[in-house]
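A.B. asks: how does the following fold in three dimensions:
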Amino acid sequence: NMATAIDIEHIVCVDSDDSEAQYYPMDIIMNAGETMVDALNTAFAHSKGQIIVTLFDDITFPAGWDAMLLERYQEGKLYRIGGHPGGLQIVCAGCASVFNEWQYVYYPGYISMYADNDYQDHGEYENRFIDADFAVEHSHPTSGTAEWDETYRRQNSQKAYHLGAKVYKRRIACSFAW
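C.D. replies: Below you'll find the model as predicted:
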């Protein structure tokens with residue numbers, strides 16, 4: 001779906017219980033922790049690019065999405081990308097300097113749930129968002145567009161919701177400071 005010929009760095013971060021063979025011949029790194037948030041932040045720590053975009057296997061980008069991001073690029077900004085019925089940012093994308101300043105993509109206190117809310121509210125609190133002018137498709141069991149599997153169950157567990165709600169409330173109260 002990409003339209004440009006720019007150099008792209010793909011970082012695949014897998015959990016210790018994943019089979020490396022399924023990703024051959026890609027270079028992979030191992031998740032430094034146990035959660036989706038840990039894996040995303042581990043991949044970010046290895047990145048060298050100027051624009052960071054999270055790619056997940058249940059998200060489909062429209063044709064030419066990369067050209068749209070390059071067209072709208074602004075230093076110190078994140079992209080607002082549509083696709084969630086409630087407007088929640090389900091794709092993290094923007095200038096690497098923002099994530100370097102924050103020292104993460106998703107705040108490391110989360111397992112999974114509420115990490116998107118924190119990302120969005122943190123970016124809005126700092127007035128970081130610019131419109132990417134496109135939306136993605138998100139296949140997910142909660143919207144009836146994907147089947148429940150072990151990964152979805154783990155990421156959407158009551159433990160993830162309960163911890164996420166506590167962390168999110170604390171993060172808002174301290175204006176997203178560490």
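A.B. asks: avg pLDDT for the helix or strand containing residue 69?
C.D. replies: Here residue 69, judged by DSSP states H and E, is contained in helix 65-72. Here helix 65-72 scores 94 as its mean pLDDT.
A.B. asks: quick one: distance of that helix to the chain centre.
C.D. replies: 18 Å (CA atoms, centre = their mean, to the nearest Å).
A.B. asks: in it, which residues are buried?
C.D. replies: 65, 66, 68, 69 (16 or more other CB atoms under 10 Å). Where you see a C-beta, it was placed from the backbone N, CA and C, and this is true even at glycine.
A.B. asks: report all helices and strands that the helix or strand following it contacts.
C.D. replies: Following helix 65-72 in sequence order, the next helix or strand is strand 78-82 (DSSP H and E). Under the contact criterion of 3 or more CB pairs under 8 Å, 6 or more residues apart in numbering; DSSP states H and E, the helices and strands touching strand 78-82 comprise strand 93-95, strand 129-135.
A.B. asks: what ranges do the strands span in this protein?
C.D. replies: 12-14, 28-30, 51-53, 59-60, 78-82, 93-95, 129-135, 137-138 (DSSP state E).
A.B. asks: any buried residues in the fifth one, and which?
C.D. replies: Looking back up the chat, that one is strand 78-82. Neighbour-count burial for strand 78-82 flags 78, 79, 80, 81 (criterion: 16+ other CB under 10 Å).
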